[in-house]
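In: Below are the sequence and a predicted model for it; my questions follow.
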Amino acid sequence: MNIKLRLLVNRDPVDATIDSRVTLLDFLREDLHLTGTKKGCGHGQCGSCTVLIDGKRMLSCLKFVAMVQDCTITTIEDLGNRDVLHPLQTAFVKHDAFQCGFCTPGQIMSAMEVVSDKAACTREQISELMSGNLCRCGAYPNIVSAIMEVKANGGI
Amino acid sequence: MYAADFHLPHMLYAVGIRCHVPHGKIIRIADEEALRSNGVVAVYTHLNAFEELGWTVTEELTRASAEGLGLSAFKQSESVVGYRPLTTDVIRFAGQWIAVLVARTIHDANRGASLVQFEVESYDHNVSLNQADIEGSKPVCFFGEQMQVERGLRGTADATDIVISQIYKTPVQLHQPIEPSATVAVYEDTQLTLFDSTQAVVATRDHVALSLGLPKERVRVVTHFVGGGFGSKNQVWPHQALAAHISRSLGRPVSLQLTRNDMAVASGYRSQTKQKVEIVADRYGKLKSLRHLSHVATSTAGGYFEPCGLSTLALYPSPHLEVGHFVHRKHVSTPTPFRAPGETPGSFAVESALDEVAHRLRINPLELRKLNYPSRNTYQDREWSSIHLDKCYTIGAEEFGWPSSYVEPRSFRDGREAVGYGMATTCYPADVLPASVTVKLTHSGHAVVETAAADIGTGMYTILAQTVADQLSIPFDLIDVRLGESVFPPSPSAGRSRSTSSVLPATKNACEKIRRKLNAKHNTWTTGSGEEWAIVETGTYSGTANADNLSFYSFGAHFVEVGVDEEFAKVRVRRFTSVLDCGRIVNPKTAASQIRGSIIFGIGMALMEDAQFDREGGRLVNDNLADYHVPVNADIPEIDIHFINEPDFHFNTLGVRGLGEIGLPGTAAAIANALYSATGRRIRSLPISYSSLLAADSTVKPR
Ligand code: FES
Ligand code: FES
């Protein structure tokens, strides 16, 4: 069944007529060509598709487009660009918090929430909260260091 | 951009349709309903793929694919057919594609795929190593080493000698790079461009050109970024050429992305192993005999098997040494190298057995290693090009705080946790292949570096720029490194830890040629103008070491502390220290990340990774990231890495060796050894869970 979809993606209004069973992830990647958000599994297992929906980190592969009607979506494309990186991106580079980089957009979108989470202060707490984002390359300790640094600098 | 990020006008999407039985025959495929479904363009099966796609299988293609790796290790008498989906009605493993559906969008493709129906006849199957596997076939030579070796006399053990004879088991393990393999093929005017997620750009081009019957120059492979490989993208798998054939047939770009489930069977995995290790040592711990006999599984069609005995041959100078491999063919897909293939499961067995020797003799496991120190490669009868394993032991023990004498199991506690210490040695051959690199300088003082090698997350972009910056004194920011295109000068695939040692010397060679020209021109290259490039030079490297008759290896030592919470039934790694001897370190940051990453693979191997077959159905049941557990952030403790950083100039003039794999061998054994130290329970089958610890007999009486 097709639905009329209206939402805000990276501050731009988007209107589309689309099959309601299409996932937000496929919609972002295949229809809007916002390929910064990655598909590692398509089934809520890896975290590489993490985006912000109304400011909260969510797995976009587990949301049908019909579920995000009128929502505000933020993807990695909205965070920074080549010349002006977002503070989290700068910290990820500095701490070598990625190797292949495929999980990184998801890690950073997830970190967006963790950075501003007052309950996450220690390395252990951050590690726990970042455990929904798999990194097979094993950049985990460096990811925690990057987030710690941004927190120490007053967040984002 | 990664391969699946490429969007081209009028692009079609292909998806594989998987068979659920591991052995049988396709009887009927009904695709009418699927073909009527919205957006579906075509369905290919073994019935029409040859006619419509020109899709077939030949011996030459098999040898140039993942199925062919290792075939030469088997005797001629064993006729191995090679496998390619959609070429036959024979079902060889569960998860095999019996059809590929093409549609206008990925949404249409997925829906269409669910409508294809098929009927199969199922035969008896056998998917796991079992008691009945006694002999198997005996491969001869693989990875440049003999697979069946016996040196010295076995003799009989003296009364004061000790004998350890045990079986060690490792399960099927899945690479699970976070990026599933993907190929976007664009065939236009007898010219193919393949945006592909591969570790092996040149081999992919050659295979796909062969498959299409095109000259190599007409195939261009583009691999700018790869979302991890670990071996799963180091060989050529069927989907890569299939996307190209479909694009040729339909005249439109085609995107073929493997699903997470496909990744478990359509791009290899580490096969199951069952290894017998028998050690005879004198009462001081000096080895007299070391036997390492490995039973490994492979598919019914392919050649790859896990060469578990590789480091056993090199590392311990036992007067009697026996290494054997026995390969058992099962109804499974073909396995493939997985980060430190062979060495990884092999070292789990041998480094565990050595720990058993140490505890039996009540000597410090580190002292046992020192007592059996490999001052030379006795198997190859050669000196090492460079070895600092003794320093790895000393520095590691110091940094970690390794006990100086023998410590009984169950000696330490911290709150609820029983704490244990374990260690193991790692080693990995230093390999090298021919490589070539072009360095171009612009009049404005920028440099462009080009080579076909791929960066799969290993840091090749960074260390190439560093090398050019060093060699030509050009600021790092003015260097643009371009990798992963088959039109660039050829370089080896990103595997077997040989990219650094192959590509960097070629880069140096290019820079030296440039320097010679610059001297002749009195260094005026930044002022001239006119053409785009002031200087272009291609450097090459022969792929041979600097010195002959030496044995080239990297070494290292792992030290680990584990905690076992006996009330909450939890096992964890508390801290990890590793010291590595891998030649000169080009970039300490990316190098440490590589080692940390491979240790994390080892932690997964020791404590969680376990691909399980359903015994009835013969299908991999946890072929996804929810049920196949890999380490998450909270599983990983502090990992402290130290490098000896001594250049190996016998190897190459930069003194560098690769290091993407050496962190993994030994890690699982070090953890198993630490768990023994914590609990007095020896686990010889991976992964180790709290329940396997409970089920094991303790050698220590409860206090
Ligand atoms: S793609 Fe969404 S969790 Fe893996
Ligand atoms: S950087 Fe490769 S998966 Fe995280």
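Out: That came in fine, so what should we check first? Ligands and ions are numbered 1, 2, ... in the order given.

In: residues touching the residue nearest to the spatial centre of chain A, list them.
Out: In chain A, the residue lying closest to the centroid (CA atoms, centre = their mean) is residue A:109, at 2.9 Å. Applying CB atoms under 8 Å, 6 or more residues apart in numbering or on different chains, we find residue A:109 in contact with A:37, A:50-52, A:57, A:74-76. C-beta coordinates here come from the backbone N, C-alpha and C atoms, glycine included.

In: Return the subset of those lying in helices.
Out: Nothing among the contacts of residue A:109 maps onto helices, per DSSP state H.

In: Could you export those residues as a markdown table, including neighbour count, distance to residue B:361 and pLDDT?
Out: Converted to a markdown table, the contacts of residue A:109 look like this (neighbours: other CB atoms under 10 Å in any protein chain shown; distance: CB to CB, whole Å; pLDDT from 0 to 100):
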| residue | neighbour count | distance to residue B:361 | pLDDT |
| --- | --- | --- | --- |
| A:37 | 23 | 57 | 98 |
| A:50 | 29 | 52 | 98 |
| A:51 | 31 | 58 | 98 |
| A:52 | 21 | 59 | 98 |
| A:57 | 20 | 54 | 98 |
| A:74 | 19 | 61 | 98 |
| A:75 | 23 | 60 | 98 |
| A:76 | 24 | 56 | 98 |
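
In: For ligand 1, give me its nearest residue in chain B.
Out: Nearest residue of chain B to ligand 1, counting by CB to the nearest ligand atom: residue B:625, 7.1 Å away.

In: So what's the residue count around the nearest residue to that residue once chain neighbours are set aside?
Out: In space, and not counting its chain neighbours, residue B:625 is closest to residue A:45: 3.8 Å by CB to CB, 6 or more residues apart in numbering or on different chains. Residue A:45 has 19 neighbours, counted by other CB atoms under 10 Å in any protein chain shown.

In: Can you classify residue 81 by secondary structure?
Out: This is for chain A. coil (DSSP: H, G, I helix; E, B strand; the rest coil).

In: My question was about chain B, not that one.
Out: Reduced to three states by three-state DSSP, residue B:81 is coil.

In: And for residue B:155?
Out: Going by three-state DSSP, the state assigned to residue B:155 is coil.

In: any idea of the mean pLDDT for stretch A:141-155?
Out: For stretch A:141-155, mean pLDDT rounds to 96.

In: The residue nearest to residue B:625 looks like it's in a helix, true?
Out: No - under three-state DSSP, residue A:45 sits outside any helix and is assigned coil.

In: Is it correct that it is in contact with residue B:628?
Out: No - using CB atoms under 8 Å, residue A:45 is not in contact with residue B:628; the gap is 9.3 Å.

In: Output the set of residues of the stretch 101-250 of chain B in proximity to ligand 2.
Out: B:178, B:228 (CB under 6 Å from any ligand atom).

In: Near chain A, which residues of the stretch 101-250 of chain B? Just list them.
Out: B:105-107, B:175-180, B:225-230 (CB under 8 Å from any CB of the partner chain).

In: then stretch B:4-11 to CSV, C-alphas only?
Out: What follows is stretch B:4-11, C-alpha atoms only, in CSV (Å, rounded to 0.1, in the frame of the first residue of the first chain):
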residue,chain,number,x,y,z
ALA,B,4,26.7,-0.3,-2.2
ASP,B,5,26.6,3.6,-2.1
PHE,B,6,26.9,3.9,-5.8
HIS,B,7,23.6,4.9,-7.4
LEU,B,8,23.4,5.1,-11.2
PRO,B,9,20.6,6.1,-13.4
HIS,B,10,18.3,3.1,-14.3
MET,B,11,20.1,0.8,-11.9
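
In: ok now it, how far from the chain's centre?
Out: Computed by CA atoms, centre = their mean, to the nearest Å, the separation of stretch B:4-11 from the middle of its chain amounts to 30 Å.

In: check whether that stretch contacts chain A.
Out: Yes - counting by CB under 8 Å from any CB, chain A has neighbours in stretch B:4-11: B:4-5, B:7.

In: Flag every buried residue along the biggest helix by length in chain B.
Out: For chain B, the helix that runs over the most residues, judged by DSSP H, is helix B:499-520. Across helix B:499-520, burial judged by 16 or more other CB atoms under 10 Å in any protein chain shown covers B:499-511, B:513-514, B:517-518.

In: can you give me the helices for chain A?
Out: A:24-26, A:87-94, A:104-115, A:123-129, A:140-152.

In: next one: the stretch 151-300 of chain B
Out: For the stretch 151-300 of chain B, helices defined by DSSP state H, counting those that start in this stretch occupy the ranges B:201-212, B:238-250, B:260-263.

In: Quick one: those helices as TSV, columns for distance to residue B:616, mean neighbour count and mean pLDDT too.
Out: What follows is the helices of the stretch 151-300 of chain B, written out as TSV (distance: least, CB to CB, whole Å; neighbours: other CB atoms under 10 Å in any protein chain shown; pLDDT from 0 to 100):
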stretch	distance to residue B:616	mean neighbour count	mean pLDDT
helix B:201-212	36	24	98
helix B:238-250	28	25	98
helix B:260-263	19	22	98
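
In: so how far is the longest helix of chain B off the chain centroid?
Out: 29 Å.

In: helices or strands up against it?
Out: strand B:435-442, strand B:447-451, helix B:460-472, strand B:533-541 (3 or more CB pairs under 8 Å, 6 or more residues apart in numbering or on different chains; DSSP states H and E).

In: mind checking which of the ones you listed is nearest residue B:607?
Out: helix B:460-472 (30.6 Å; CB to CB).

In: State the mean pLDDT of the closest one.
Out: Here the average pLDDT along helix B:460-472 is 97.

In: Run the angle between it and strand B:435-442 for me.
Out: Put simply, helix B:460-472 runs at 60 degrees to strand B:435-442, going by axes from the mean of the first three to the mean of the last three CA atoms, to 10 degrees.

In: which other residues reach helix B:460-472?
Out: Against helix B:460-472 from outside (CB under 8 Å, 6+ apart): B:437, B:439, B:441, B:447, B:449, B:451, B:453-455, B:474-476, B:479, B:481, B:483, B:494, B:499-500, B:503-504, B:507-508, B:511-512, B:514-515, B:586-587, B:590, B:654.

In: If we use 7 Å, what do you get?
Out: Applying CB atoms under 7 Å, 6 or more residues apart in numbering or on different chains, the external contacts of helix B:460-472 come out as B:439, B:447, B:449, B:453, B:455, B:474-476, B:479, B:481, B:483, B:499-500, B:503-504, B:507-508, B:511, B:514, B:586-587, B:590.

In: What degree of burial does the residue nearest to residue B:96 when sequence neighbours are not counted show, as a neighbour count?
Out: Once flanking residues are discounted, residue B:96 sits nearest to residue B:19: 5.0 Å by CB to CB, 6+ apart. When neighbours are counted by other CB under 10 Å, residue B:19 registers 22.
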